[in-house]
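Participant: Dropping a prediction and its sequence here:
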Amino acid sequence: AQSVTQLGSHVSVSEGALVLLRCNYSSSVPPYLFWYVQYPNQGLQLLLKYTSAATLVKGINGFEAEFKKSETSFHLTKPSAHMSDAAEYFCAVSETGNQFYFGTGTSLTVIP
Amino acid sequence: DTEVTQTPKHLVMGMTNKKSLKCEQHMGHRAMYWYKQKAKKPPELMFVYSYEKLSINESVPSRFSPECPNSSLLNLHLHALQPEDSALYLCASSQALGTSGAETQYFGPGTRLLVL
C-alpha cells in the first residue's frame, strides 16, 4: 500500500517569507500526488496535483510543488507567505481505484 | 462548477436519535465518498460508492448506514451513535473510480456532528 509522510506537524513562517511544506511518499510507479488545503471549519480544497505530465506543478494561490522521483518527495512551496495562507495542509497519494492515502497534515501559521 | 454541497452544516444528536447527513453534487461524477475527520487529523475513509453501488466499506460500525439514491446524492444515516463519533463528516466526489488513480476528489464543506 501507499503511504505519505509529512515532516513537521507545525510550521511557522513570517509574512512574506518562503513557505516550504514537506511530503515524502512510498509508492509503486507511477504515483499520483495531491496537495489539499483545509481552512478552519471547512472542507478540503485542491491546491495542485501531480499526474506525471510535468515535474513542477503550479497550483492555486501561488503555490507550487516539485516531484522528485530520486528523493520520493513532493514538497509544497510558496515564495511569499500571506496571512490568508494559515491553514492545515494535507499531502495525499492515490493508487489504482482512486483510494487516497493522506499524510498526517501540517498546520501552517503565518506570523505578521 | 466543482461544488459538493452538504447539509446540515452542524448537527447535535443524542445517542438514541436517528438522523441523516446529505451530500449532493451536479458535476456528473460517478464516484462518491464519505470520510470522518477528527480535529487536527487527516480524513479517514468510511465508504465509497461507484455508479450508485457500494464499492468500499472500511469496516465501519453498522450504526452508520450509507445510501446512494441516485448519481447526484449520497446520504449517511446515523443511529445510536456514541460520543466518540463526534467529528467532521466530509463528502467527496470524483469522476469515477479510475484504474489509474489520477482522479481528483472534490470535497464538500462537511457536517460538524456532536453526539451527546
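Facilitator: Here it is on my side, so go on.

Participant: and A:Asn61, that one's in a helix?
Facilitator: Yes - the assignment for A:Asn61 by DSSP: H, G, I helix; E, B strand; the rest coil puts it in a helix.

Participant: List the residues that contact B:Lys36.
Facilitator: With contact set as Cβ atoms under 8 Å, 6 or more residues apart in numbering or on different chains, B:Lys36 has these partners: B:43-44, B:46, B:85, B:87-90. Bear in mind the C-beta positions are built from the backbone N, C-alpha and C, glycine included.

Participant: Tell me the secondary structure at it.
Facilitator: Here B:Lys36 is recorded as strand under three-state DSSP.

Participant: Likewise for the one 5 residues further on?
Facilitator: Following three-state DSSP, B:Lys41 is assigned to coil.

Participant: Tell me the spacing between it and chain A.
Facilitator: 7 Å (Cβ to the nearest Cβ, to the nearest Å).

Participant: Can you tell me how far that residue is from A:Gly103?
Facilitator: Distance, B:Lys41 to A:Gly103, using Cβ to Cβ, to the nearest Å: 11 Å.

Participant: who has more neighbours, the two?
Facilitator: A:Gly103 (24 against 14; other Cβ atoms under 10 Å in any protein chain shown).

Participant: How about stretch A:38-55, which residues are buried there?
Facilitator: Of all the residues in stretch A:38-55, those buried under the rule 16 or more other Cβ atoms under 10 Å in any protein chain shown are A:38, A:42-51.

Participant: Kindly report the same for stretch A:74-83.
Facilitator: Result for stretch A:74-83 [16+ other Cβ under 10 Å]: buried residues A:74-76, A:78, A:81.

Participant: and if you look at stretch B:4-20?
Facilitator: Applying 16+ other Cβ under 10 Å to stretch B:4-20 flags B:4, B:6, B:11, B:13, B:19 as buried.

Participant: now stretch B:66-78
Facilitator: For stretch B:66-78, by 16+ other Cβ under 10 Å, it's B:66, B:68, B:71-72, B:74-76, B:78.

Participant: Those: which two are farthest apart?
Facilitator: B:Ser71 and B:Leu78 (22.8 Å; Cβ to Cβ).

Participant: circling back to that earlier point, tell me the one among the buried residues of stretch A:74-83 nearest to chain B.
Facilitator: Taking Cβ to the nearest Cβ as the measure, chain B sits nearest to A:Phe74 out of those, at 14.2 Å.

Participant: and stretch B:11-26, is it in reach of chain A?
Facilitator: No - taking Cβ under 8 Å from any Cβ of the partner chain as the criterion, stretch B:11-26 and chain A are apart, separated by no less than 10.7 Å.

Participant: Give me the distance between the two termini of that stretch.
Facilitator: 24 Å (Cα to Cα, to the nearest Å).

Participant: Next, work out how far apart A:Ser27 and chain B are.
Facilitator: 10 Å.

Participant: Give me the pLDDT for that residue.
Facilitator: pLDDT recorded at A:Ser27 is 71.

Participant: burial count for it?
Facilitator: A:Ser27 has 19 neighbouring residues, counting by other Cβ under 10 Å.
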